[in-house]
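Enquirer: could you work out the structure for the sequence below:
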Amino acid sequence: MHRFWPRQQLPLRPRCSVCRSQQRWVHEPERRQLSDDRDFKASLSNWRQRTSTPLGTFIRHEEPDGQIWYTVKPKIDRLKRENTPNFYEIPDALIDLDADGQSGVRVFSDEDERKMAERWSVNSTHEAAASVIYTMETEATRLRHSWEEILAQPASPWRISHHDVVSVALRGVADSSDQAEPQRLVPGGRAEFIRSLCQSNGIPAYAAQDDKGTLEWMLIRKSAMEHHATTHTDQLPTVQDFTEAVKGANSFMELSRVIATCSQGSLGNEHNAIATFDGSVPDLIQHAVMRLLNDYETGSPQREEALRHAVSVVVSSEMNLRSCRPDLGVKLWAFGHQLAKSHSLLLMIDSLRKGLEADYTAISAETKSCLIDSVTDLLVRLATSERDLQFSGLTATALLRLLTGAPSTERTGSRSIRSIIMDKTPSDMTPDAKYRMYASYVALLGRLGAVRSLWAEYRAVGTVAKEIRLYYHPSALAHAIVSAVAASPPFRGKQVPDSKETSSLLFCFSADYRDLASRTGCDDSRAAPSSLMGLDTLEVEAALRQSLSRYLGELTRLQRVGSM
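Expert: Reported below is the predicted structural model:
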């Protein structure tokens, strides 16, 4: 057997003693120059120190018979990194959400995301690990389902079911071997009962032993919970505690936390503590909000931001009070509506919509009058002011949702401005006041481009109040449809305006809402309808011409009647 030495890095001879060749690997009869392996290692170490050869250059080989020889590792293998990926290696760039304003932290940019996706998108090791994890999750799901099926059986043939465990727990607490107390079981005690249960159901001894341990744990936990309930009483916050906490709040966030804590009660108690307070809760919250707002200069951007936070705090407090004390909730709603009115049109619309959804009109005549006054103020303000008509897409969709109740079709007709006008106006309201509300409602539909809704309003003329229908209904709808045709783009679809589906108010309201949301790119609701279709352009134009001619004819006739 020959050793193989690198020719250019030979520590002993430059040529082979057998063939005297100049090939790369030189043959050298072993044991003729080296007495043992230690001399070879020493010479190799000295040669490495002289030539400064980097570590890892030679590869050590050991034969089955004990012979050891070395070869030179190729350069490409020496430069290649070991393929040992780290599963938990952290990328170079991270987003530290808690280090805002700290030094040495930068934002995770799009370029970092692209590099990370390019590096980690395809990795066979990661895919293998994900496959193993998926297999484990699938197996765990299968075992969980099988265990649920076993527990669903009234008496398993190999395991005590939960029915048996509960029945044993109800019959007694301890075994005769555990305590000296008299047994409250059938003759024989719990041990005899479990033994008979195992014999009748064929349950093995080891399964019964495990279930006895589970039963003991259940009984110990039950007694511990009963002891905790008798020795610990959770104290709800009192009115004095709430008053001190509200007066001591230095920010809107702190005030919101105080209200939420008192609304949820104490730990382990679902009782609402505010429900036990008196009627001073809205006044306390109102004074605290105004105190925090007075710290900001009027007209400054900081005050506008603080006003928005104040509206959020009042709205959340109103929702907490509404569930237990509607009479207190309506007071906070009125205060929050005034704040929203002074901030922006969008917050005002959203506040009014929440008041309608809470159905505050059914609490008392005072709250109903307050809500109707707010609706009238909004309608007159939007119908007469040109400045407020330049609202954003989100404001437009929110306004159409407030006017018609769409797209929540189950609430349409009872939680919208139209329902207020048609059904919930006070009996002492004059016909002129009712007309102004209806005319403003129709005019806003026209300026929002709700052609379908106006078409449905014309077809539902029988449902309009008598004083509106006889005097003002045709003229209001005629002018509104002219504005709607000018504001809305051409319609798309294949449905006929005179079909049974398009004559429905719910369909038309929802279809107009969807078109406005797609036009502006803003959707005020969480679940807009997806199965509604539009109307054909030519058919809509023909129907509108026909309806406008009828409107103008009726308007002319009424004008002649009025002049006589």
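Enquirer: element containing residue 372, please.
Expert: Taking DSSP states H and E as the criterion, residue 372 maps to helix 365-384.
Enquirer: buried residues in that helix, which are they?
Expert: 367-368, 370-372, 374-376, 378-379, 382-383 (16 or more other Cβ atoms under 10 Å). Yep, even glycine has a C-beta here, placed from its N, CA and C like the rest.
Enquirer: got these as a markdown table, with distance to residue 305 and pLDDT columns?
Expert: Below are the buried residues of helix 365-384 laid out as a markdown table (distance: Cβ to Cβ, whole Å; pLDDT from 0 to 100):
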| residue | distance to residue 305 | pLDDT |
| --- | --- | --- |
| 367 | 30 | 68 |
| 368 | 34 | 72 |
| 370 | 28 | 73 |
| 371 | 28 | 75 |
| 372 | 32 | 76 |
| 374 | 24 | 77 |
| 375 | 28 | 78 |
| 376 | 30 | 77 |
| 378 | 24 | 77 |
| 379 | 29 | 77 |
| 382 | 25 | 74 |
| 383 | 30 | 65 |
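Enquirer: before we move on, the earlier item: which other helices and strands does the helix holding residue 372 contact?
Expert: Where contact means 3 or more Cβ pairs under 8 Å, 6 or more residues apart in numbering; DSSP states H and E, helix 365-384 is packed against helix 326-343, helix 345-357, helix 417-423, helix 431-447.
Enquirer: what angle do the helix or strand just after it and helix 365-384 make?
Expert: Going down the chain from helix 365-384, the next helix or strand is helix 393-404, by DSSP H and E. In terms of direction (axes from the mean of the first three to the mean of the last three Cα atoms, to 10 degrees), helix 393-404 departs from helix 365-384 by 130 degrees.
Enquirer: against residue 201, how distant is residue 147?
Expert: 18 Å (Cβ to Cβ, to the nearest Å).
Enquirer: what do you get for residue 222?
Expert: Using Cβ to Cβ, one gets 25 Å for the distance from residue 222 to residue 201.
Enquirer: and what of residue 448?
Expert: 71 Å.
Enquirer: so for those two, which residue has more residues nearby?
Expert: residue 448 (27 against 16; other Cβ atoms under 10 Å).
Enquirer: how many residues are close by the nearest residue to the more buried one once chain neighbours are set aside?
Expert: The shortest distance from residue 448 to any non-neighbouring residue, by Cβ to Cβ, 6 or more residues apart in numbering, is to residue 400 (5.4 Å). Number of residues near residue 400 (other Cβ under 10 Å) recorded here: 26.
Enquirer: isn't residue 400 right next to residue 450, touching?
Expert: Yes: assessed by Cβ atoms under 8 Å, residue 400 is found in contact with residue 450 at 6.5 Å.
Enquirer: quick one: low-confidence ranges for the stretch 201-350 of the chain?
Expert: For the stretch 201-350 of the chain, the stretches with pLDDT under 70 are 202, 206-207, 210-215, 217-218, 221, 228-229, 231-237, 263-278, 323-324.
Enquirer: max-length helix in the protein?
Expert: helix 124-152 (DSSP state H).
Enquirer: pLDDT averaged over that one - what is it?
Expert: The pLDDT scores in helix 124-152 average 81.
Enquirer: tally of neighbours for residue 70?
Expert: Quick note: residue 70 (other Cβ under 10 Å) scores 17 neighbours.
Enquirer: residue contacts, the closest residue to it other than its chain neighbours?
Expert: Distances taken as Cβ to Cβ, 6+ apart place residue 58 nearest to residue 70, at 4.5 Å, with adjacent residues excluded. Residues counted as contacts of residue 58 (Cβ atoms under 8 Å, 6 or more residues apart in numbering) are 44, 70-73.
Enquirer: inside strands: which ones of the residues you listed?
Expert: Counting by DSSP state E, the part of those found in strands is 70-72.
Enquirer: rebuild those residues as CSV, extending it with distance to residue 251.
Expert: Putting the ones in strands among the contacts of residue 58 into CSV (distance: Cβ to Cβ, whole Å) gives the following:
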residue, distance to residue 251
70, 74
71, 74
72, 72
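Enquirer: distance to residue 433 and pLDDT added to those residues, as JSON lines?
Expert: Formatted as JSON lines, these follow (distance: Cβ to Cβ, whole Å; pLDDT from 0 to 100):
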{"residue": "70", "distance to residue 433": "106", "pLDDT": "83"}
{"residue": "71", "distance to residue 433": "104", "pLDDT": "85"}
{"residue": "72", "distance to residue 433": "103", "pLDDT": "83"}
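Enquirer: just name the closest of the residues you listed to residue 302, please.
Expert: residue 72 (73.8 Å; Cβ to Cβ).
Enquirer: count the neighbours of the closest one for me.
Expert: By other Cβ under 10 Å, the burial measure for residue 72, its neighbour count, is 19.
Enquirer: who's in contact with residue 398?
Expert: 346, 349-350, 353, 524.
Enquirer: residue 299: what secondary structure?
Expert: Per DSSP: H, G, I helix; E, B strand; the rest coil, the secondary structure class of residue 299 is coil.
Enquirer: from residue 342, how far out is it?
Expert: Taken as Cβ to Cβ, the span from residue 299 to residue 342 is 12 Å.
Enquirer: so those two - more neighbours on which side?
Expert: residue 342 (12 against 7).
Enquirer: the more buried one contacts residue 310, doesn't it?
Expert: No: in this structure, residue 342 is not within contact of residue 310 by Cβ under 8 Å, at 10.2 Å.
Enquirer: quick check: which helices or strands does the helix or strand hosting residue 77 pack against?
Expert: Taking DSSP H and E as the definition, residue 77 sits inside helix 75-79. Using 3+ Cβ pairs under 8 Å, 6+ apart as the contact test, no helix or strand touches helix 75-79.
Enquirer: return the distance of residue 67 relative to residue 60.
Expert: From residue 67 to residue 60 the distance is 12 Å (Cβ to Cβ).
Enquirer: with residue 191 instead?
Expert: For residue 191, the distance to residue 60 - Cβ to Cβ - is 69 Å.
Enquirer: between those two, who's got more neighbours?
Expert: Between residue 191 and residue 60, counted using other Cβ under 10 Å, residue 191 has the larger neighbour count: 15 against 8.
Enquirer: next, the more buried one: secondary structure please.
Expert: helix.
Enquirer: how near is it to residue 219?
Expert: 14 Å.
Enquirer: repeat for residue 445
Expert: For residue 445, the distance to residue 219 - Cβ to Cβ - is 68 Å.
Enquirer: one more: residue 248?
Expert: 46 Å.
Enquirer: more crowded one of those two?
Expert: Taking other Cβ under 10 Å, residue 248 and residue 219 do not tie; residue 219 has more neighbours (15 against 11).
Enquirer: in which helix or strand would I find the more buried one?
Expert: helix 205-231.
Enquirer: and for residue 443, the neighbour number?
Expert: 20.
Enquirer: wait, isn't it in contact with residue 450?
Expert: No: here residue 443 lies out of contact with residue 450, judged by Cβ under 8 Å, at a distance of 11.0 Å.
Enquirer: low-confidence bits of the stretch 451-564 of the chain, can you list those?
Expert: If you take pLDDT under 70 as the line, the stretch 451-564 of the chain has these spans: 458-479, 481-564.
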